[in-house]
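Trainee: below: sequence and its predicted model.
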Amino acid sequence: MHSNIIFAIVIVLIGTIWWLIHLRGAASAKRGHRALPGPIGLPIIGHLHLLGNLPHRSLYKLSQKYGPIMSLRLGTSPTIVVSSPAAAELILKTHDNVFANRPEFQAGKYLSYGSKAMAFTKYNTYWRSVRKITSTELLSPAMINSMAWQRREELGLLVESLKKAVAAGDVVDLSQKVKHLIQDMTWRMVFGKSTDKRFDLSHIIHEAAKLVGSFNIADCIPFLGSLDLQGITRRLKVVGQELDKILEIYLDDHEGDATNGNKELDRDLLAVLLSLQKNPTSTHEIGPSHIKAIMLDIIFGAIDTSQTTIEWSMSELLLHPRVMRLVQEEIKNVVGEREYLEESELSKLEYLDMVVKETLRLHPAGPLMIPHESMEDIVIDGYYIPKKTRIIVNNWGLGRDPKVWSENVDEFYPERFIGSNIDFRGKDFQFLPFGSGRRGCPGLQLGLLNVKLVVAQLVHGFNWELPFGMNADELDMDEIFGVSLLRSTHLLAKPTSRVP
Ligand code: HEM
């Protein structure tokens, strides 16, 4: 007990001295430059106590007081929070070359083989190689199109299970159904098969995603890192090892299949990565740990983001039957009485496109994107920003700005996109659901395809209503902050058959 008290006093003293030296944060003014606005922080923790359970909302409120470029300190990390389209453009376009780095996270260390996954890695030639492989070999339009039949088969299984629910008059757990669908589509794309009874990959990925999304003191106050006060680093190590065992099994399976001439697996992403290992096209060596890290990029990048966007779209459609009817009519006009949509028909569904935009405006899957980090000292707008400053772009806040979106900003109103040429690709800085610039999402095409395809098929094949006589104002729309912005409760709904 006695030694604990001495230890606590020492920690507080170190923190206070550190705080006095770096008073008002390391991102404060250098001689001759203006200090960035921001609240006064506390010793050691800086502004961590201001984040709360829903940091995107807390930071949005703070930015209304301190402005669109606000300085904070998260533990010992100088941090800048960006909350207006103009500020986002400065960071992600004008000075993208300076802010394209990522900070180091314990999760990257233990879940991505020493930050070898693209999302965690520094901005360097290795990142460039992986990015190139991803866009030209793994997620190229041709590759994505070649897997359309697999998505159709998985979607078919979901539709059949929903028909059974209709026949039995059951309420369905849409969150659960969508999660399984997106997982199965993703496993199949990456490993060549959607189910594997040898292990529960879904459970491990879920646990890993929870850890990546949780706030780890070690990432913000490194000198406390070795104490692992929350036990997160220990759990990261355990989950990292469990994941590695499974990925190794898939690697062995694929090596075996390749030598036995099994062509079935030729088309999955792991097979593509293994062939690149044998016939390297990039300047960087692609070894087993790189391959495993890239697979995790795809899995973590694809699953929660697509799943949550589909769930939020369906939640909003359930709350807005007028919009649901309009989407159904639009699909019927294009697809007619056929049961299934073709992926090629999605580009004709303009209203569905607006519904997905409106969903991502109000419920961006990455509410604070992934933090960026500055690679050199820079002066922007007269403000001095030192090297290694963390940058948080408040995507959620960008979608809530009444100056940009008008007074009905909180309303789900897809028609606001009529006649506007705002698109998903990160050229319009008021709307950045997939980020922008060098670090923008490489899975944009696949993510949008998954979301539109599933939402369109769900509303084309079925009518939906809230369960148990629930009124619209009783539907829980609360969020949980994590790697992605998830619904806090599962979405339950009752399907009935619909003859298109
Ligand atoms: C609705 C679906 C999706 C949304 C809303 C979304 C959103 C985002 C956002 C906001 C970022 C951060 C951008 C930044 O930091 O500037 C990101 C990065 C990333 N996404 Fe996605 N994403 C989606 C689907 C996907 C899919 C399907 C994949 C892969 C198959 C993927 C893989 C990645 C990767 C690897 C990164 C990190 C890129 C880098 O650091 O260079 N995402 N995504």
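Mentor: In hand now; what should we look at?

Trainee: burial count for Ala462?
Mentor: Quick fix: residue 462 is Phe, not Ala. By the measure other Cβ atoms under 10 Å, the count of residues near Phe462 is 20. For every residue, glycine as well, the C-beta is placed using N, CA and C.

Trainee: over to the residue nearest to it when sequence neighbours are not counted. Which of the three states is it?
Mentor: Of all residues not flanking Phe462 in the chain, Pro495 sits nearest, at 4.0 Å (Cβ to Cβ, 6 or more residues apart in numbering). Remark: Pro495 carries the secondary structure label strand [criterion: DSSP: H, G, I helix; E, B strand; the rest coil].

Trainee: could you report the pLDDT at Pro495?
Mentor: At Pro495, the predicted lDDT confidence score is 98.

Trainee: what's across from it in the sheet?
Mentor: The partner list for Pro495 in beta bridges (DSSP bridges) reads Trp464.

Trainee: surely it and Val159 touch.
Mentor: No: using Cβ atoms under 8 Å, Pro495 makes no contact with Val159, being 10.1 Å away.

Trainee: neighbour count for these two, which is higher?
Mentor: The neighbour comparison of Pro495 against Val159 (other Cβ under 10 Å) goes to Pro495, with 20 against 16.

Trainee: which residues are in contact with the helix or strand harbouring Asp219?
Mentor: Here Asp219 sits within helix 217-220, counting by DSSP states H and E. The contact list for helix 217-220, computed with Cβ atoms under 8 Å, 6 or more residues apart in numbering, reads 46, 48, 74-77, 103-106, 224-225, 228-230, 232-233.

Trainee: could you rerun that using 10 Å?
Mentor: Helix 217-220 has contacts (Cβ atoms under 10 Å, 6 or more residues apart in numbering) with 44-46, 48, 73-77, 79, 103-109, 224-230, 232-233, 236, 371, 390.

Trainee: how about the helix or strand just after that helix: buried residues?
Mentor: Going down the chain from helix 217-220, the next helix or strand is helix 232-259, by DSSP H and E. Residues 232-233, 235-236, 239-240, 242-244, 246-247, 250-251, 253-254, 257-258 are the ones in helix 232-259 that count as buried (16 or more other Cβ atoms under 10 Å).

Trainee: and stretch 216-225, by the same measure?
Mentor: Buried-residue list, stretch 216-225, by 16+ other Cβ under 10 Å: Asn216, Ile217, Ala218, Asp219, Cys220, Ile221, Leu224.

Trainee: look up how far Leu211 lies from the last one.
Mentor: Counting by Cβ to Cβ, to the nearest Å, the gap between Leu224 and Leu211 amounts to 18 Å.

Trainee: give me the three-state assignment for the residue in the stretch 201-350 of the chain positioned nearest to the ligand.
Mentor: Taking Cβ to the nearest ligand atom as the measure, the point where the stretch 201-350 of the chain comes nearest the ligand is Gly301, at 2.3 Å. Secondary structure of Gly301, reduced to three states by three-state DSSP: helix.

Trainee: Ile80 reaches Gly67, doesn't it?
Mentor: No: in this structure, Ile80 is not within contact of Gly67 by Cβ atoms under 10 Å, at 11.1 Å.

Trainee: out of the two, which sits in the busier spot?
Mentor: Legend: neighbour count by other Cβ under 10 Å for Ile80 and Gly67, higher for Ile80 (25 against 16).

Trainee: helix, strand or coil for the more buried one?
Mentor: strand.

Trainee: how far away is it from the ligand?
Mentor: Taken as Cβ to the nearest ligand atom, to the nearest Å, the spacing of Ile80 relative to the ligand amounts to 14 Å.

Trainee: show me what contacts the residue of the stretch 1-150 of the chain found nearest the ligand?
Mentor: Closest to the ligand within the stretch 1-150 of the chain is Ala119: 3.6 Å, counting by Cβ to the nearest ligand atom. The contact partners of Ala119, by Cβ under 10 Å, 6+ apart, come to 102, 105, 107-108, 112, 127, 130, 212, 293, 296-297, 300-301, 370, 439, 441-442, 483.

Trainee: now do the shared contacts for Ile80 and Gly67.
Mentor: Residues touching both Ile80 and Gly67 (Cβ under 10 Å, 6+ apart): Leu36, Gly38, Ala87.

Trainee: looks to me like Lys116 is in a helix.
Mentor: No: counting by three-state DSSP, Lys116 is not part of a helix but coil.

Trainee: may I have the phi/psi pair for Val393?
Mentor: With angles defined as degrees, to the nearest 10, Val393 shows backbone torsions of phi -100, psi 120.

Trainee: what about it, how many residues nearby?
Mentor: By the measure other Cβ under 10 Å, the count of residues near Val393 is 27.

Trainee: and Leu158, how close does it get to the ligand?
Mentor: Counting by Cβ to the nearest ligand atom, the gap from Leu158 to the ligand is 18 Å.

Trainee: which parts of the strand or helix carrying that residue are buried?
Mentor: With the criterion set as DSSP H and E, the secondary-structure element containing Leu158 is helix 148-168. Buried residues in helix 148-168, counting neighbours by 16+ other Cβ under 10 Å, are found at Gln150, Arg151, Glu154, Leu155, Leu158, Val159, Leu162, Ala165, Val166.

Trainee: of all those, which comes closest to Thr489?
Mentor: Distance to Thr489, by Cβ to Cβ, is smallest for Ala165 among the buried residues of helix 148-168, at 19.2 Å.

Trainee: run through the residues of the stretch 351-500 of the chain sitting next to the ligand.
Mentor: By Cβ under 6 Å from any ligand atom, the part of the stretch 351-500 of the chain that sits against the ligand consists of 365-366, 369-370, 433-435, 439-443, 446-447, 451.

Trainee: check those and tell me the two furthest apart.
Mentor: The span of those, defined through Cβ to Cβ, is set by Arg439 and Val451 at 20.9 Å.

Trainee: helices of the stretch 251-400 of the chain, start to end?
Mentor: When secondary structure is read from DSSP state H, counting those that start in this stretch, the stretch 251-400 of the chain shows helices at 269-278, 288-319, 321-335, 350-362, 395-398.

Trainee: pick the most buried one from these.
Mentor: Per residue and on average, the most neighbours among the helices of the stretch 251-400 of the chain fall to helix 395-398, with a mean of 26 (mean count of other Cβ atoms under 10 Å).

Trainee: thinking again about what came up before, show me what contacts the residue nearest to Phe462?
Mentor: Counting by Cβ under 10 Å, 6+ apart, Pro495 touches 162-163, 165-166, 169-172, 174, 458, 461-465.

Trainee: and the stretch 101-250 of the chain, which residues reach the ligand?
Mentor: So far as Cβ under 6 Å from any ligand atom goes, the stretch 101-250 of the chain lies against the ligand at Met118, Ala119, Arg131, Leu139.

Trainee: got the contact list for the last one?
Mentor: The contact partners of Leu139, by Cβ under 10 Å, 6+ apart, come to Ile133, Met189, Leu269, Ile298, Gly301, Ala302, Pro442, Gly443, Leu444, Gln445, Leu446, Gly447.
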